[in-house]
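Participant: have a look at this prediction, sequence included:
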Amino acid sequence: MKRILVLSLLLCLSLRTASAARAQADGPVYVVAEGDSYWAIADTFKVTIPDLLAANGFSVDHIINPGDRLVIPGYEGIHGVLASRMVELGDTLATLSLRTGIPADTLMRLNRLTNPQRLYAGQALVVVEPEDGTAPASKWETGRALTLSAGTPLLALAAAEGKSPWELAGVNNLSSPADQFSGRTLFEVGGDKPLRAWPDPVADIRFRQLPLMQGMTGEMYLTLAREGTAEGTLGDYVLNIRAWDGKMVALQGIHATAVPKSYPLKLKITAADGRTIFFEQDVQVVSGKYPVEPDLKVPPETLNLDTIAAEAELTQSIVAPFTEERYWTAVFLKPAIRDIGSLFGNRRSYNNGAYYYYHTGVDYYGRMNEPVLAPAPGRVVYTDKLVICGNTTVIDHGWGVYTRYCHQNAFKVQPGDTVVPGQEIGLIGNTGRVDGPHLHFELWVGGVQVNPLTWMQEVFP
């Protein structure tokens, strides 16, 4: 009986190994990374966990480890190692094909794309790389877009650009220089500029960090090859685009409860010669993964919905003006002398209610009448007592950036005063919606509260 059990076990292991080997030959592999799970891998490659297990000959109790090589089903005929790269602003299926050396139809299969026109910045694009790590011969990272105007043949475009028409045809997968049509965007490769589908005179459009995240500051940079102006929107937000350090920049807060999805970025660029150029691409916003706090006990009058709405409307009106001067040049300082008690974005409930709320700032521990300090240069625009925020100070730091200080016991500044970093502007108290003395500190960017701690770690822009 023992011999039969051993033989059966060996047979099962043999069949399982053979199954995995057959699957290995049918498609590309993914190398498991630290922190990966079956759920995350299945979600990335848009497959089901049962299909993933079956493709690798695994049972439901099989454990994966970093370095394991998994076959991903649905990619039969494609071979190599699966990886990902970030879609940037200006990327299209054509530029990504040139940059990765992967045919456009293969990229569509790898990413289960049904609409290749809807690639969004911040998207993790699935690519496949050779097993030996070599780059495809057709991989190009630099170049520029060339648009065929109505009635302009490719031969004329090549002559005007000093390029070989056959080279342009080959790079753009045309059968010959005659295989084209007016209005099509073609690409030349080489040079020192990233290969993107940017319209002339755009030289670069980028966010400092992608994807964008709930509760963080979106920081967009726009560079033009020639003089011009720009305006735009990100979702429902109107971007305040201003010249800075040889380029244009816009700072915009992303709401802490924004639905994680892609939002349209729309830019209108007016060149010096009066031409109007438009650029549009969706940008991904992901979850901030904010935790849930224990229920808090607060005065009931601070939970009145009419009071909440009125105070929110007042605050929005205070932080709405865009001051052209930028007062700050460095990271923001701590506004209190003690440590943090509660972080930004945490989901909250009050007095055993539902978790309808989130923490709009950072709480600092404090004792009555300890100092409240200005974190950056600015101008005081508001001091008064509110029901929820208590004794409140608001400072304008320019460029649509404001800070707000709640629950103070006393004010040390008044509207119209200018402040410098580290200046005492008030005293910690327990006024408003509180369960004890502390400082509630908020930072607003473009009319939206963002995580203040990021501004204490790096300079924007």
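Facilitator: Looks like it came in fine.
Participant: CA only for contacts and neighbour counts going forward, please
Facilitator: Noted.
Participant: show me the helices in the stretch 51-200 of the chain, by range?
Facilitator: 93-100, 104-110, 154-161, 165-171 (DSSP state H, counting those that start in this stretch).
Participant: double-check residue 440 against residue 392; I have them as touching.
Facilitator: No. Using CA atoms under 8 Å, residue 440 makes no contact with residue 392, being 9.7 Å away.
Participant: re the thing from before, give me whichever of the helices of the stretch 51-200 of the chain is most buried.
Facilitator: The highest mean neighbour count among the helices of the stretch 51-200 of the chain belongs to helix 93-100 (a mean of 22), with neighbours defined as mean count of other CA atoms under 10 Å.
Participant: which helices and strands does that one pack with?
Facilitator: helix 104-110 (3 or more CA pairs under 8 Å, 6 or more residues apart in numbering; DSSP states H and E).
Participant: quick one: contacts of the helix it packs on?
Facilitator: Contacts of helix 104-110 from elsewhere in the structure, counted by CA atoms under 8 Å, 6 or more residues apart in numbering, are 45, 75, 93, 94, 96, 97, 114, 116, 126, 127.
Participant: then stretch 291-299?
Facilitator: Stretch 291-299 is contacted from outside by 345, 346, 347, 348, 349, 350, 351, 352, 353, 433, 434, 435, using CA under 8 Å, 6+ apart.
Participant: nearest spatial neighbour of the fifth one, chain-adjacent residues omitted?
Facilitator: With CA to CA, 6 or more residues apart in numbering as the measure, residue 355 is the residue that lies nearest to residue 349, at 4.4 Å, once sequence neighbours are left out.
Participant: same question for the first one.
Facilitator: Using CA to CA, 6+ apart and skipping the chain neighbours, the partner closest in space to residue 345 is residue 359 (4.9 Å).
Participant: can you list the residue ranges for strands in the stretch 201-350 of the chain?
Facilitator: For the stretch 201-350 of the chain, the strands defined by DSSP state E, counting those that start in this stretch cover 202-207, 212-213, 217-224, 228-234, 237-239, 242-244, 247-253, 261-271, 276-286, 340-342, 347-348.
Participant: same check, this time on the stretch 1-150 of the chain
Facilitator: In the stretch 1-150 of the chain, the strands defined using DSSP E, counting those that start in this stretch lie at 29-31, 69-71, 81-86, 124-129, 142-147.
Participant: using TSV, please lay out those together with mean pLDDT and distance to residue 405.
Facilitator: Compiled in TSV, those are given as follows (pLDDT from 0 to 100; distance: least, CA to CA, whole Å):
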stretch	mean pLDDT	distance to residue 405
strand 29-31	93	49
strand 69-71	93	52
strand 81-86	90	38
strand 124-129	92	38
strand 142-147	76	47
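Participant: distance of the most centrally placed residue in the chain relative to residue 268?
Facilitator: Centroid-nearest residue in the chain, with CA atoms, centre = their mean: residue 212, separated by 1.7 Å. Counting by CA to CA, to the nearest Å, the gap between residue 212 and residue 268 amounts to 21 Å.
Participant: and for residue 361?
Facilitator: Here residue 361 is placed at a distance of 33 Å from residue 268 (CA to CA).
Participant: which of these two has more neighbours?
Facilitator: More crowded of residue 361 and residue 268, by other CA atoms under 10 Å: residue 361, with 27 against 15.
Participant: and that one, its phi and psi?
Facilitator: Taking degrees, to the nearest 10, you get phi -160, psi -160 for the backbone angles of residue 361.
Participant: before we move on, back to that, hang on, isn't the residue nearest to residue 345 packed against residue 341?
Facilitator: No. Taking contact to mean CA under 8 Å, the distance of 11.7 Å between residue 359 and residue 341 leaves them out of contact.
Participant: comparing these two, which shows the higher neighbour count?
Facilitator: Under the criterion of other CA under 10 Å, the comparison of residue 359 against residue 341 puts residue 359 first, with 22 against 13.
Participant: report pLDDT for the more buried one.
Facilitator: According to the prediction, residue 359 has pLDDT 96.
Participant: so who does it touch?
Facilitator: When contacts are counted by CA under 8 Å, 6+ apart, residue 359 touches 343, 344, 345, 346, 347, 348.
Participant: bridge partners for the last one, pull those for me.
Facilitator: Read it as residue 348. Judged by DSSP bridges, the bridge partners of residue 348 are residue 357.
Participant: neighbours of it, just the number please.
Facilitator: By the measure other CA under 10 Å, the count of residues near residue 348 is 18.
Participant: what pLDDT does the model give it?
Facilitator: 93.
Participant: list the contacts for it?
Facilitator: Counting by CA under 8 Å, 6+ apart, residue 348 touches 292, 293, 294, 295, 296, 355, 356, 357, 358, 359.
Participant: 10 Å instead, please
Facilitator: Contacts were defined as CA atoms under 10 Å, 6 or more residues apart in numbering; by that measure residue 348 touches 291, 292, 293, 294, 295, 296, 354, 355, 356, 357, 358, 359.
Participant: possible to save the helices of the stretch 51-200 of the chain as JSON lines with mean pLDDT?
Facilitator: As requested, the helices of the stretch 51-200 of the chain are exported to JSON lines (pLDDT from 0 to 100):
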{"stretch": "helix 93-100", "mean pLDDT": "88"}
{"stretch": "helix 104-110", "mean pLDDT": "91"}
{"stretch": "helix 154-161", "mean pLDDT": "73"}
{"stretch": "helix 165-171", "mean pLDDT": "70"}
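Participant: and the ones you listed: which comes nearest residue 64?
Facilitator: Ranking these by their distance to residue 64 (criterion: CA to CA) puts helix 104-110 first, at 22.4 Å.
Participant: right, and residue 273 touches residue 201 too?
Facilitator: No. Taking CA atoms under 10 Å as the definition, residue 273 is not a contact partner of residue 201, at 11.1 Å.
Participant: neighbour count: these two, which is higher?
Facilitator: Remark: of residue 273 and residue 201, residue 201 carries more neighbours, 17 against 9, as counted by other CA under 10 Å.
Participant: which non-adjacent residue is nearest the more buried one?
Facilitator: The spatial neighbour of residue 201 that comes closest, neighbours along the chain excluded (CA to CA, 6+ apart), is residue 225 at 5.1 Å.
Participant: what of residue 418?
Facilitator: The spatially closest residue to residue 418, leaving aside those adjacent along the chain, is residue 379, at 4.3 Å (CA to CA, 6+ apart).
Participant: and that neighbour, what is it in contact with?
Facilitator: Residue 379 makes contact with 327, 394-398, 402, 413-420 under the criterion CA under 10 Å, 6+ apart.
Participant: which of those residues count as buried?
Facilitator: Using 16 or more other CA atoms under 10 Å as the burial test, the contacts of residue 379 include 327, 394, 395, 396, 397, 398, 402, 413, 414, 419, 420 as buried.
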